[in-house]
Structures are given as structure tokens and as C-alpha cells.
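*Asks:* give the three-dimensional model of this entry:
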Amino acid sequence: MDRKIRWRTFWLGALVVLSISLLIPTLVPSESMPAWFNRVFSKKIQLGLDLQGGLYTVYSIDLDKAVDDKASEIKREFDAKMAERSIAGRVTTPRQPVGAINVILEEEAQKSAIDADFLSDYAEILENRDCPEGLEATSVCLLVSPEYADGIRKSAQEQALIIIRDRINKRGVAEPSVKSKGNQIVVELPGLDEEEIERVKDLIGRTAKLEFKMVAENSEYMRELYQHVSEDAKAKELGIDVGVDFWSHDESGKQYQDYYLSAGDVDEWLPVAEAKERGCWNANKSEVQGEVQCTITGRQRIADYLDELFVADAEMAIDDEHQIGYQLVNPESVMRDQEREAYWRTYYLNRPVELSGSSIADAYKYWDPTTNRPSVLIVFNRYGGRRFGDMTSVNIGKKMAIILDETVNSAPVIQDAITGGRSTITMGGSSNAAIEAEADDLVSVLKTGSLPAPLQEDSSSVIGPLLGADAIEKAQFAFALGALLVLIIMVFIYRVSGWLSMVALVLNIGFMMAILAALGATLTLPGIAALVLTVGMAVDANIIIYERIREELRLGKSVRGAVDAGFSRGFSAIFDGQITTAVAAYVLLQYGSGPIRGFAVMLIIGIGCTLFTATWCTRLFFEYYVGKGRKVEQLSI
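*Replies:* Here you go, the predicted structure:
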């Protein structure tokens, strides 16, 4: 046997052994294989959502919020520096533009101190901007620079990706896919049932942004708002009530007041368009005359009322230094069907964040003996513990709001300075089991870290496992039927040579699947479609070669000469056709969406394998076939 043929046979055998090794993790449970094998060949082919069911969700992230958070952080640093250097004034962070900071001084001469001492430390972060009309002439107006803001946004996107992956991994979801697509994050979670899907979606979308802010008690603004709402017929029509909390500090005897608005949830029939806008519409809701029933939360009702009020009466609008916070009071009452129902109430908060979740060192669940319910204990790091102690020591007698994901969790009155570096978050729920599950999830997200900015669910689709199983069954049938028809036609027309092309086709499919396994790629329904298409392309390449061999035989060439000429002259036509298809696949890969990209990747892999098996492997088979010295009439083609 020719030495060249022996070497080609050796390399083909090595490729077959390698391909089988790569496919074993996909076909055989890892427990059945030795540890060294699992370490070397750890990757396997994953099934896409369309084949095994699961959750496909696209999120967008509010990156501007990350920039505003940086401005709030700088604001706290400015406050500390001004207090340290006895500079009279205040620092605000207006809502617009994004990343704006206003330093409002009492004396014009202090501007030079701000420019010289403060801004030099933030030369790469801040830039000056023109102050808006109506602001004091002694003000210095700053803005997080566009370059630095872009860096914050990019970092926030990357951090969100890492945190979401960590949360999913801690939840134990098998074979998740979390990837970035422009300013969006695409999450694919296969193999989840409906109950798990809702819990995992809540876990992913939870910002877990923990903030501590002071309640602005004894507010003249809230007293006026209280008076206005109590006399407003529209507020009464909407079911918005008013209330006031009174308390005093035992030692100082100082009296405090906290005016608030409150409202419960109501069910309303809304037009479909409005229901979609409010996010309460889904395909399972039954429509009646173009309307669907939606639950409008008390929080939403109060917020809508205030928005209309601020537009109608600009003097009632909230200033940039304060905001309205919302708390769900007694949430378990509704779930237990008690007579008293849950309701939402407001808090008038100072906008600056006194302390954030970035200062948390640890969090864990514990059983609170005072309430006999699970709670979450958070432990601050050294800076957070010191800052928490300072904040509570100067605000004794006042309310401190603990805010989790833009909702006030609780607002206890500070009785004494808390210097232990710990705080507690209480849970709400209908049962101890539900509360424990909520506490476990909260501990998980606090430990993995809060998202740098809130997530917004842009789209979501759930594929049931039965649909996936049905897709696999139909795909298997289509592939088997296509392969059988190809086998019958090739063997009927080309006899023994047809069988050789079938062996090459099996190798082609095996190599394709091995490459997918080596990449740890996901096989989807469009990928199977590309696999079926590759079967046709591979056989087409063999047909081109076989027809060239037939032509050479008709011209009177020897078997050996006809085979050599058929492969050499047929290659150019095969190569041109495959390259043309590869260009089309590349365009789909660059500009297509998820399923289309999966089809394109599989098609490109198939093109490479087809060129190899149709020209190199089939040629090797014919070397053995022709090497037997058969006459022309014995070449079955």
C-alpha cells in the first residue's frame, strides 16, 4: 500500500477517534466515565430552548441610573468635605441632566475654594456646566463628563452580566445562557417548569439595590399636600386617603410629624392598549368588548394622581432635593384573606442616599424572635459600619427609610446610635415557607451584589417542554426521512460508489456534531434545519465528482485516470458552490437574529465538513477501491 495512503488513513482514523471522544459527554452520563476523561472532554452539545423548553427573556438596563448613582456618591463626598472645611452651603443632584451636581454656596468667595480644592480631585470625572436660570449666583454647576459617563455605562453593562450569571448559577439552573447584545441582556434558561420560571425571573430582575435615606419629617410641603388632597374631590374619587404619624423622642421630648398619602389596590377594566402600556396584559387574559381586567396598585394610583397634580399646579411639584417613597403596608393580610387589606403609603424622603448596598460585607437569614418570622440580617463593611453609626447618631429621633428596589421596606425611628454595623430587613409573605423562600432569594442577590442599574424586561417567551419534545420528534423524523431518501437514490444511481458517499456523509455529520461539542454550542431547531441542508449539499458534492468520473470513463480513460480527473476537475465546481453558500451564511451570521445566527453557524460548519469529506475522505475511499486493480466495467458508478 502506498505510504501516502497509509498516512491519510491514520489521520482519518485519528479524527474519527477524536470526534467520538468529543461526542461521548453528550451521549454518555459523566458518572459513567473516568475522572480524567471528564476533565479533558468536559464540553457537550446543549439543546436550545426550542428543543427542551424553558425561558427566553430580553432585558434592557437603565444605564443612566448608574451615572446618577455616581453623581450621588460624589455629592456625599462633597458634603463631607464641606463639613470638614466649614464651607457653608449645600450640594444637590438634580434629576436633569443625567449626572448633574449643583454646589450652592452662601458666599461668592467660596467658589475659589471649590475650584481649587474640590474639583482638582475630580478632574477626570467632572466638568463645569452652565447653571440653570433661577439658581443662586454663588452656585457651581458640574456634570459627570461624557467620556467618564460612557465608561460607567460600559462597566455597568458588564457588571450586570456577571451578577445575573452569578444569581442564576447560585439558583442551580442547568446550562444557562446569559449574553450581551448591544444595550440589552439576553437570558436563555432551558428546562424550567412554570413555577421555577416565575421565581427565576424575579431573581434576575431584582435590582437588589439597597439604600438608606432619611425621612423629611415636619415637612411644610407635605402638610400643604396633605391639606390639598384631603379637600380634593378627585382624590376621594380615586380612593386616595391622607394620614399623619406623630411621635416624639423619649429623651429630647421633641415632637415629629410625618404626613402621608395612602391607597389600596383596585381591579379595573382597561382598553387593551392601555393595559399593555401598564404592563398588566398577557395573552391569557380574556377580553370583553376590547377591555381586560387589570389590578392597579395603590402605588400606581398615587403616582398617577401626583403626576397630574404637578402638571396642573407647578407650585405643588417636588423640589430636586426630595422624592416620594412608597411602602406596601401589611402585605400578608390580603393573602390571608383577612378583613383588613394591604395598602400603599408614601414617605417624603431626602433624595441623597446616606448609605448604599455597596457597603454590605455579608447577609444571611435568621429567625427573628420578636416576630417569630424569618428576617435578613445585613452586616456592613468597615466603612459602612462607621457611616451607619455616624448617620444614626446625628439623626436620633428621626425616621430612617430602608429602601430595597425603589420600595420602602421599613422606616423605623432611630432611638439610639447604631454602632454595631448591622441592620435588619423584614420580609412579607403569606406563610413562613413563602417568607423563607423570599429571604433566601434576598440573601442570594445581596451576596452576589446589587445590579448597577434597574433592569426592564423588554420581551419574554416561555416554551413548554412538550413543545420542545414535539420539535425534537419531528426534527428526527425529517432528518431520518431525508437521509433514507438520499441513501436510496444514491445507491440506486451510483451503486457501490453511492455506498461510499453514504460513509462519507456519516463522517460529515459526525464531524459537525463533534465540532459543536468541542465549542459547547447549543443545537436549536434552525441548527437541525442547517444539518439537514448539509446532507443535501454533501451528496450534491459527491454527485458532481461522480458525474465527472462517468464523463472521463466515456471518453475512454482508465479507471485510475477517470478517478483522478473526476476529483481534480470536480473540485473547482464544488469549491465555488460552497464558497457562495458560505458568503450567504456569513451575512446571516452578521445581521441575523438569534435563531437565524444558529442556522448560519451550523451551515458554515457544514460547509467546511462537506469540503473535507466530499473531496478528501471520498478520495481516500476510492484510492482503496481503485487500488484493487479492477477493470472499467467493474467500477460501480
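
*Asks:* helices or strands next to the biggest helix by length in the chain in the packing?
*Replies:* Using DSSP state H to define each element, the chain has its longest helix at helix 465-519. Contact analysis of helix 465-519 by 3 or more Cβ pairs under 8 Å, 6 or more residues apart in numbering; DSSP states H and E lists helix 3-27, helix 49-52, helix 525-554, helix 594-611, helix 618-626 as its packing neighbours. Just so you know, the C-beta spots here come from the backbone N, C-alpha and C atoms, and that holds for glycine as well.

*Asks:* what residues does the helix or strand that that helix is followed by touch?
*Replies:* Where DSSP states H and E defines the elements, the next helix or strand beyond helix 465-519 is strand 522-523. Identification of contacts with strand 522-523 by Cβ atoms under 8 Å, 6 or more residues apart in numbering yields Ile45, Gln46, Leu47, Gly48, Leu51, Ser177, Leu516, Gly598, Met602.

*Asks:* let's see 10 Å
*Replies:* Here strand 522-523 makes contact (Cβ atoms under 10 Å, 6 or more residues apart in numbering) with 26, 45-51, 175, 177, 188, 190, 472, 475, 513, 516-517, 530-531, 594, 598, 601-602.

*Asks:* for that strand, what is the distance to the chain centroid?
*Replies:* Mean-position distance between strand 522-523 and its chain equals 19 Å (Cα atoms, centre = their mean, to the nearest Å).

*Asks:* direction included, what does that strand pair against?
*Replies:* Strand 522-523 pairs in its sheet with strand 46-47 (parallel), by DSSP bridges.

*Asks:* tell me the mean pLDDT over the strand it pairs with?
*Replies:* What strand 46-47 shows for mean pLDDT is 78.

*Asks:* just to revisit the earlier point, Throw the helices and strands packed on helix 465-519 into JSON lines and include distance to Ala584 and mean neighbour count, thanks.
*Replies:* Formatted as JSON lines, the helices and strands packed on helix 465-519 follow (distance: least, Cβ to Cβ, whole Å; neighbours: other Cβ atoms under 10 Å):
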{"stretch": "helix 3-27", "distance to Ala584": "27", "mean neighbour count": "14"}
{"stretch": "helix 49-52", "distance to Ala584": "23", "mean neighbour count": "23"}
{"stretch": "helix 525-554", "distance to Ala584": "12", "mean neighbour count": "20"}
{"stretch": "helix 594-611", "distance to Ala584": "8", "mean neighbour count": "21"}
{"stretch": "helix 618-626", "distance to Ala584": "25", "mean neighbour count": "18"}
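
*Asks:* looking at those, which is closest to Glu158?
*Replies:* Among the helices and strands packed on helix 465-519, helix 594-611 comes nearest to Glu158, with 20.7 Å by Cβ to Cβ.

*Asks:* between the closest one and helix 465-519, how many degrees?
*Replies:* Note on geometry: by axes from the mean of the first three to the mean of the last three Cα atoms, to 10 degrees, helix 594-611 and helix 465-519 are set 50 degrees apart in direction.

*Asks:* which elements pack onto helix 594-611?
*Replies:* Applying 3 or more Cβ pairs under 10 Å, 6 or more residues apart in numbering; DSSP states H and E, we find helix 594-611 packed against helix 49-52, strand 177-181, helix 465-519, strand 522-523, helix 525-554, helix 559-591.

*Asks:* can I get stretch 483-500 in PDB, CA atoms only?
*Replies:* The C-alpha coordinates for stretch 483-500 follow below in PDB (Å, rounded to 0.1, in the frame of the first residue of the first chain):
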ATOM      1  CA  ALA A 483     -31.300  10.600   4.900                       C
ATOM      2  CA  LEU A 484     -33.200   7.500   3.800                       C
ATOM      3  CA  LEU A 485     -34.300   9.100   0.600                       C
ATOM      4  CA  VAL A 486     -30.800  10.200  -0.200                       C
ATOM      5  CA  LEU A 487     -29.500   6.700   0.600                       C
ATOM      6  CA  ILE A 488     -32.000   5.100  -1.800                       C
ATOM      7  CA  ILE A 489     -31.400   7.500  -4.600                       C
ATOM      8  CA  MET A 490     -27.600   7.400  -4.300                       C
ATOM      9  CA  VAL A 491     -27.300   3.600  -4.100                       C
ATOM     10  CA  PHE A 492     -29.900   3.200  -6.900                       C
ATOM     11  CA  ILE A 493     -28.000   5.500  -9.300                       C
ATOM     12  CA  TYR A 494     -24.300   5.100  -8.300                       C
ATOM     13  CA  ARG A 495     -24.300   1.600  -6.800                       C
ATOM     14  CA  VAL A 496     -21.100   0.900  -4.800                       C
ATOM     15  CA  SER A 497     -19.900   4.500  -5.200                       C
ATOM     16  CA  GLY A 498     -23.200   5.500  -3.700                       C
ATOM     17  CA  TRP A 499     -22.400   3.500  -0.600                       C
ATOM     18  CA  LEU A 500     -19.000   5.200  -0.400                       C
END
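
*Asks:* buried residues in it?
*Replies:* Within stretch 483-500, the residues scored as buried using 16 or more other Cβ atoms under 10 Å are Ala483, Val486, Leu487, Met490, Tyr494, Ser497, Gly498, Leu500.

*Asks:* mind putting those in JSON lines, pLDDT and distance to Phe575 included?
*Replies:* Output for these, formatted as JSON lines (pLDDT from 0 to 100; distance: Cβ to Cβ, whole Å):
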{"residue": "Ala483", "pLDDT": "83", "distance to Phe575": "25"}
{"residue": "Val486", "pLDDT": "86", "distance to Phe575": "22"}
{"residue": "Leu487", "pLDDT": "87", "distance to Phe575": "25"}
{"residue": "Met490", "pLDDT": "88", "distance to Phe575": "21"}
{"residue": "Tyr494", "pLDDT": "87", "distance to Phe575": "21"}
{"residue": "Ser497", "pLDDT": "87", "distance to Phe575": "21"}
{"residue": "Gly498", "pLDDT": "87", "distance to Phe575": "23"}
{"residue": "Leu500", "pLDDT": "90", "distance to Phe575": "20"}
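
*Asks:* max pairwise distance over these: which two?
*Replies:* Ala483 and Ser497, at 17.6 Å, using Cβ to Cβ across the buried residues of stretch 483-500.

*Asks:* a markdown table for the helices and strands packed on helix 594-611, including distance to Lys154?
*Replies:* Formatted as a markdown table, these follow (distance: least, Cβ to Cβ, whole Å):
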| stretch | distance to Lys154 |
| --- | --- |
| helix 49-52 | 28 |
| strand 177-181 | 10 |
| helix 465-519 | 27 |
| strand 522-523 | 27 |
| helix 525-554 | 31 |
| helix 559-591 | 22 |
